[in-house]
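Colleague: this one's structure only:
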């Protein structure tokens, strides 16, 4: 690269890094807050929570990286145009390729990283995250660690722990079991503990009663000094994670297990995920072309009707929404799969046409004028309401 090209690349890369960090922080925070119930419901430690939260990053990066690219490119070129740097380059005989080459280099780098994360890192991170969540939910002690609250272990089975004793045992154990049709069982014990016998979890309750009620209405009460309640059946079931197409590796998507319950239920979802994997990584490159078609040429400030950064982000959001919509529809409508490829290719082709013909991609003038007139109308109405209120209050005084 030439000196000016290295300057543009370095400047764009710095803004890309800052945009990526802030955008990633916002999206990652929303995803983490959606999983905060893992701590409140299962009583897991902060270390386990942050481990699961860190595994979310690989799935968030490919989503926010294209927007970081369009923000970085649009902001850099818009600032250079405002500082007349693009005008100087053009006046000195430099072609638009001077600004295009470093931008495309950054876009290609971002696309390669996005492909590597989406197909190499994210599936394993998702699988590990689901395993951790399943293990947390399969741990009985974590499910009942909060005192005085009922916990649903599975359908028809509820457990409540009154308190945790100083020696580590459980006090005030209440179990309601209606899993057997036609019979309800209620267990109450003053104390107990969870122990492992022959590799299986067993809740040993001491000094309690069993209330049994059958469908005919007969009730029987049994007192016991010690009673062992088997927990292995539902703890093992709850500890088994379910893997979805997004959790699978690329080789698995090419040749999925025919006995996979998710594949049996919706085989098209695996094909849709495979098509998404092959198109998700190109969006950083497409968004860079959009930003170049909007902000890549030198122009007077009097020509711009709306901030080019806003225009570039708006167009990028529209293209990305179309891509998401097509990918979701393909899960149920198989013949729509070409749309997943057509949308980014068409957006790139249109952007390249604007760049090659030295045109500027802008929002429709009629739309901009309508928005401006709407904003002005709202402002005039608010001003009128303020004057009317002030006049009414002055007349009343």
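Modeller: Ah, there it is. Since the structure is predicted, the reported quantities are computational estimates derived from the model, not experimental observations.

Colleague: Run through the helices of the stretch 151-300 of the chain in chain order.
Modeller: Along the stretch 151-300 of the chain, counting by DSSP state H, counting those that start in this stretch, helices occupy 232-238, 250-254, 261-265, 267-280, 283-295.

Colleague: Figure out which of the ones you listed is closest to residue 91.
Modeller: helix 283-295 (18.0 Å; C-beta to C-beta). From N, CA and C alone the C-beta is placed, and that goes for glycine too.

Colleague: Tell me the buried residues in the helix or strand immediately after that closest one in the chain?
Modeller: Sequence order places helix 308-330 as the next helix or strand after helix 283-295, per DSSP states H and E. With burial defined by 16 or more other C-beta atoms under 10 Å, the residues of helix 308-330 counted as buried are 308-309, 311-313, 315-316, 319-320, 322-323, 326-327, 330.

Colleague: Now those residues in JSON lines, please, with extra columns for distance to residue 343 and pLDDT.
Modeller: Output for these, formatted as JSON lines (distance: C-beta to C-beta, whole Å; pLDDT from 0 to 100):
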{"residue": "308", "distance to residue 343": "23", "pLDDT": "82"}
{"residue": "309", "distance to residue 343": "23", "pLDDT": "83"}
{"residue": "311", "distance to residue 343": "19", "pLDDT": "85"}
{"residue": "312", "distance to residue 343": "17", "pLDDT": "88"}
{"residue": "313", "distance to residue 343": "17", "pLDDT": "88"}
{"residue": "315", "distance to residue 343": "13", "pLDDT": "90"}
{"residue": "316", "distance to residue 343": "12", "pLDDT": "92"}
{"residue": "319", "distance to residue 343": "7", "pLDDT": "93"}
{"residue": "320", "distance to residue 343": "9", "pLDDT": "93"}
{"residue": "322", "distance to residue 343": "5", "pLDDT": "92"}
{"residue": "323", "distance to residue 343": "5", "pLDDT": "91"}
{"residue": "326", "distance to residue 343": "6", "pLDDT": "90"}
{"residue": "327", "distance to residue 343": "9", "pLDDT": "88"}
{"residue": "330", "distance to residue 343": "12", "pLDDT": "88"}
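
Colleague: what about the residue nearest to residue 53 when sequence neighbours are not counted, how many neighbours?
Modeller: Excluding its sequence neighbours, the residue lying closest to residue 53 (C-beta to C-beta, 6 or more residues apart in numbering) is residue 32, at 4.7 Å. Neighbour count for residue 32, taken as other C-beta atoms under 10 Å: 18.

Colleague: Ok, residue 78 next?
Modeller: When neighbours are defined as other C-beta under 10 Å, residue 78 has 21 of them.

Colleague: swap in the one 3 residues further on?
Modeller: With neighbours defined by other C-beta under 10 Å, the count for residue 81 comes to 21.

Colleague: what domains does the record give for the chain?
Modeller: Per automatic domain parsing, the domain ranges recorded for the chain read 3-137+242-360, 144-238.

Colleague: Tell me which of those sits most buried.
Modeller: The highest mean neighbour count among the domains of the chain, using mean count of other C-beta atoms under 10 Å, belongs to domain 3-137+242-360: a mean of 17.

Colleague: Any idea how far it is from the middle of the chain?
Modeller: Chain-centre distance of domain 3-137+242-360: 13 Å, with C-alpha atoms, centre = their mean, to the nearest Å.

Colleague: Low-confidence ranges, the stretch 251-397 of the chain, go.
Modeller: Along the stretch 251-397 of the chain, the parts satisfying pLDDT under 70 run over 298-306, 363-373, 375, 379, 384, 386-387, 389-397.

Colleague: ok, now with 50
Modeller: Residue ranges of the stretch 251-397 of the chain with pLDDT under 50: 396-397.

Colleague: Next, work out how far apart residue 322 and residue 333 are.
Modeller: From residue 322 over to residue 333 the distance is 15 Å, taken as C-beta to C-beta, to the nearest Å.

Colleague: no wait, residue 193
Modeller: Distance from residue 193 to residue 333, by C-beta to C-beta: 55 Å.

Colleague: cool, and residue 100?
Modeller: Using C-beta to C-beta, residue 100 is found at 37 Å from residue 333.

Colleague: do residue 155 as well
Modeller: Using C-beta to C-beta, residue 155 is found at 34 Å from residue 333.

Colleague: I'd say residue 257 and residue 263 touch.
Modeller: Yes: the pair residue 257 / residue 263 is scored as a contact, 6.6 Å apart, by C-beta atoms under 8 Å.

Colleague: joint contacts of these two?
Modeller: The overlap between the contact sets of residue 257 and residue 263 (C-beta atoms under 8 Å, 6 or more residues apart in numbering) is empty.

Colleague: Look up which residues are beta-bridged to residue 228.
Modeller: Beta-bridge pairing for residue 228 (DSSP bridges): residue 204.

Colleague: Tell me if I'm right that it and residue 196 touch.
Modeller: No: here residue 228 does not reach residue 196: they are 11.8 Å apart, not a contact under C-beta under 8 Å.

Colleague: shouldn't the residue nearest to residue 53 be in contact with residue 51?
Modeller: No: look at residue 32 against residue 51 with C-beta under 8 Å: they stay out of range, at 11.8 Å.

Colleague: and residue 76, what does it touch?
Modeller: Going by C-beta under 8 Å, 6+ apart, the list of residues near residue 76 reads 8, 11, 12, 15.
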